[in-house]
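*Asks:* Need coordinates for the below:
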Amino acid sequence: MSAKTAGTLPDGPDYLHLLLILYGSAKGDSSSDDRFGQDQRRAEVDIRLKLPRAGMRPPEIDSYAREFVGLNYASIKHTQKWHCEFCDKPARMSQQDAASWSHLKPPRSNLYFHFVCDPSTGPCAAQLRSAHIQMASMTGRPPQPPGPRENPLDFPPMAVCAGCQREETVDVPTKKCSGCDLTRSVDDFKNHWREHKAFCKTPKTVKWVWP
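*Replies:* Here you go, the predicted structure:
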């Protein structure tokens, strides 16, 4: 277990407290329920996201958080040699659950990423659906509807280099970015700093639970 803080995190009503929790497994993990619980493999990324303007309404804040995540998804996805949260296959896709308190000052939002082999069909998709239902019961919101059915093989494994995303880098050692302690690359980010820079320089702390 490790944690890294990139300086003192800013605070105040102009900053969104955005917590990303990334769930998955590692190759060779037990297939029993022992992989779940307090020590389940995950990364917790506590971000301070500067809001673009004052007086934003809660739906606007939630939309801004989703846009930030979408623009920086590669930096979030390619962060470890992730395998599926529920089985031993390499993770290729993710689905998210959300809990938002964007009406607070400062506003807060949690996004839970489930890194999986296939979110649409099979036993892992069924377990993912159960996780969505459980989250809905905790937040009081309706369960997230199933996304469009897509072929997981159309997406690179999460274990590949964040820069080139080539399949052949699955088994190649990758280097963790020294700035964010999260995203992994083969070339130490020299070739894709332009894409990674905004996410890397956003104030954050990163805690790895990797027993």
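
*Asks:* Surely Arg92 is in contact with Val160?
*Replies:* No. Judged on CB atoms under 8 Å, Arg92 makes no contact with Val160 at a distance of 9.8 Å. From N, CA and C alone the C-beta is placed, and that goes for glycine too.

*Asks:* what about the longest helix anywhere in the chain, distance to the chain center?
*Replies:* When the chain is parsed with DSSP state H, its longest helix is helix 123-139. Helix 123-139 sits 17 Å away from the centroid of its parent chain (CA atoms, centre = their mean, to the nearest Å).

*Asks:* Who are the packing partners of the next helix-or-strand element following that helix?
*Replies:* Using DSSP states H and E, the helix or strand that follows helix 123-139 towards the C-terminus is strand 175-176. With contacts taken as 3 or more CB pairs under 8 Å, 6 or more residues apart in numbering; DSSP states H and E, strand 175-176 sits against strand 184-185.

*Asks:* Do you know the pLDDT at the residue lying closest to Val160 once chain neighbours are set aside?
*Replies:* Using CB to CB, 6 or more residues apart in numbering and skipping the chain neighbours, the partner closest in space to Val160 is Thr169 (4.6 Å). You'll see Thr169 listed with a pLDDT of 94.

*Asks:* burial count for Thr169?
*Replies:* The number of residues packed near Thr169 is 22, by other CB atoms under 10 Å.

*Asks:* Likewise for the one 5 residues further on?
*Replies:* Using other CB under 10 Å, Thr174 is surrounded by 22 other residues.

*Asks:* pLDDT wise, what is it at?
*Replies:* Value listed for Thr174 in the pLDDT field: 92.

*Asks:* Ok, Lys197 next?
*Replies:* Reported pLDDT for Lys197: 94.

*Asks:* Then Ala3?
*Replies:* 50.

*Asks:* Identify the residues contacting Arg92.
*Replies:* Residues counted as contacts of Arg92 (CB atoms under 8 Å, 6 or more residues apart in numbering) are Val116, Cys117, Asp118, Pro152, Leu153, Phe155, Pro156, Pro157, Met158.
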